[in-house]
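Participant: the sequence isn't on hand, but the structure is:
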């Protein structure tokens, strides 16, 4: 039945943010069946929850364009997430330089794998750890931080930057303290960048920061801090977080299927890619992507007026039973199908290849170097979040 007499914001599904952050999947399942398009007041956005509707909206990125308010507040203006058209392409090209497949393949061994080996070997004698915070986040932060050009920045500083930006992004304006801390982190990052500008202006070093300064600029000129800090903030959150949380989610999924985890123990390199892809589908690290409609548009028979704030709920689309059999089950043997975890169209995640490669490396090296890796029987995993969801606490043990 045609429902263009309704506007998307007029269909309301009220659910507390705390419920979503604890476990959004029951809400997703109900909405896919009964209310696939609905305004969720706690998030201030109209949700799109089915695979087909997310895919249709994602393919129409001229109308379902980037939102700006939250990204400007967190990262600064400009940033690649909130831009479109030629400006977006210019920012994306500078960021892409270090994250195209050829570039990533060039440093996979000496940065990604070497970092994973170093950090895993450093704790191998302990016999237990929180896989997310003690292993995966630290490897991801260090490896991507080095690619970005922060080789001289201490691990603890990188982690502080990441957590400050990430908390600000997912807070939805609930806490003035979180916002104040986020702004302080951005100021600290700007101060660090100021110490680098003169040297990088004269001597480009191939890092992401260097490319952001130079690429597309006339000879003898570079971009200023205000022009690049937004993109660097985006990469700190996405680049540090997605590989760590993606690998943690894959590991958590494997632990729900002990017989499948055994395959990784027996032959990590043979199964790591499948584990990564299924983990990304099963628990999307970034659960939604924000959009803003640039014109009136009808989706699913419902009118979205221009200026509608939208959440394409990737985590829900990835569990749609019309696309995936037994979607709530982690399964290495699932027939290969694309998932939505890296978004759509022009704003498809530019770091998807490095994220996949780093996640594979981390899983391979953990299973290869930590004998009989398994969940800690005395501690529960903590899976939390809606906009950003992960096994944020994942206690593991191994035979030291």
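Facilitator: Arrived safely, thanks for sending. Bear in mind that the values here come from a model prediction, so they are computed numbers and not experimental data.
Participant: show me the strands in the protein, by range?
Facilitator: When assigned using DSSP state E, the strands of the chain occupy the ranges 3-7, 37-40, 45-48, 64-66, 128-130, 289-293, 297-299, 302-304, 309-312, 374-375, 382-384, 390-393, 395-397.
Participant: output the ones you listed as TSV; include the columns mean pLDDT, distance to residue 261 and mean neighbour count.
Facilitator: Backbone N, C-alpha and C define where each C-beta goes, glycine included. Shown next, in TSV, are these (pLDDT from 0 to 100; distance: least, C-beta to C-beta, whole Å; neighbours: other C-beta atoms under 10 Å):
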stretch	mean pLDDT	distance to residue 261	mean neighbour count
strand 3-7	67	46	12
strand 37-40	98	35	22
strand 45-48	98	33	26
strand 64-66	94	38	23
strand 128-130	98	17	19
strand 289-293	95	30	23
strand 297-299	97	40	17
strand 302-304	96	43	21
strand 309-312	97	32	23
strand 374-375	98	8	18
strand 382-384	96	17	15
strand 390-393	95	14	22
strand 395-397	98	11	20
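Participant: show me the residue sitting in the middle of this structure in space.
Facilitator: residue 242 (3.8 Å; C-alpha atoms, centre = their mean).
Participant: contacting residues for that one?
Facilitator: By C-beta atoms under 8 Å, 6 or more residues apart in numbering, the residues touching residue 242 are 285, 286, 349, 351, 355.
Participant: check residue 340 too.
Facilitator: Residue 340 makes contacts with 51, 54, 55, 58, 284, 312, 314, 317, 318, as judged by C-beta under 8 Å, 6+ apart.
Participant: show the pLDDT at the residue nearest to residue 260 when sequence neighbours are not counted.
Facilitator: Nearest non-adjacent residue to residue 260, counting by C-beta to C-beta, 6 or more residues apart in numbering: residue 332, 4.8 Å away. You'll see residue 332 listed with a pLDDT of 97.
Participant: gap between residue 332 and residue 343?
Facilitator: From residue 332 across to residue 343, the span is 24 Å (C-beta to C-beta, to the nearest Å).
Participant: repeat for residue 324
Facilitator: Taking C-beta to C-beta, one finds residue 324 at 18 Å from residue 343.
Participant: then residue 75?
Facilitator: Relative to residue 343, residue 75 is positioned 17 Å away (C-beta to C-beta).
Participant: more neighbours, the two?
Facilitator: Taking other C-beta atoms under 10 Å, residue 75 and residue 343 do not tie; residue 75 has more neighbours (26 against 20).
Participant: which ones are touching that one?
Facilitator: By C-beta under 8 Å, 6+ apart, the residues touching residue 75 are 81, 165, 186, 229, 230, 231, 233, 234.
Participant: mind doing that once more with 10 Å?
Facilitator: Counting by C-beta atoms under 10 Å, 6 or more residues apart in numbering, residue 75 makes contact with 81-82, 165, 168-169, 182, 186, 229-237.
Participant: before I go, just wanted to say thanks for your time.
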